[in-house]
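Asker: model the following, please.
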Amino acid sequence: MERINAQEKEYRHGDSGPKYLHRGPNLEWGVVRLKPQDSLGAHGHKEVEEIFYFPEGTPLMVVNAQEYRVRPGDAFRLEPTETHDIINDTDQPVHVVFIKCPYKPDDKYSV
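Answerer: Numbering: from 1, shown residues only. All right, here's what the predicted structure looks like:
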């Protein structure tokens, strides 16, 4: 068993970006906070499947260059090699939950 508190972890960019809550041994997951006009950054994974859940907010989810307007409660499951980005083109911060499996921290590539 492993217990953490999200308040004890930091976002990659101080007050925004990804925040990993658990990393390995089999999967990794966390949250992302995107400020207005921020984006996650277009990328893909060679072997990792990724799931994004949007409890609130209406950003753009871009998968293989196709745009989808998110609605609160949406979830997206991405296969390995599907390129993706999240663009917060709204005037409110967006919070996202992500899960990646299997745990392969060096699997990401930028596009």
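Asker: find the nearest non-adjacent residue to His84, please.
Answerer: Once flanking residues are discounted, His84 sits nearest to Val63: 5.1 Å by CB to CB, 6 or more residues apart in numbering. C-betas here are computed from N, CA, C, even on glycine.
Asker: count the neighbours of the one you found for me.
Answerer: A count of nearby residues for Val63, using other CB atoms under 10 Å, gives 16.
Asker: per-residue pLDDT, it?
Answerer: Per-residue pLDDT puts Val63 at 98.
Asker: in this structure it contacts Leu78, no?
Answerer: Yes - judged on CB atoms under 8 Å, Val63 makes contact with Leu78 at a distance of 6.5 Å.
Asker: shared neighbours of those two, which are they?
Answerer: His84 (CB atoms under 8 Å, 6 or more residues apart in numbering).
Asker: so what's the residue nearest to His84 up against?
Answerer: Taking CB under 8 Å, 6+ apart, one finds 76, 78, 82-84 in contact with Val63.
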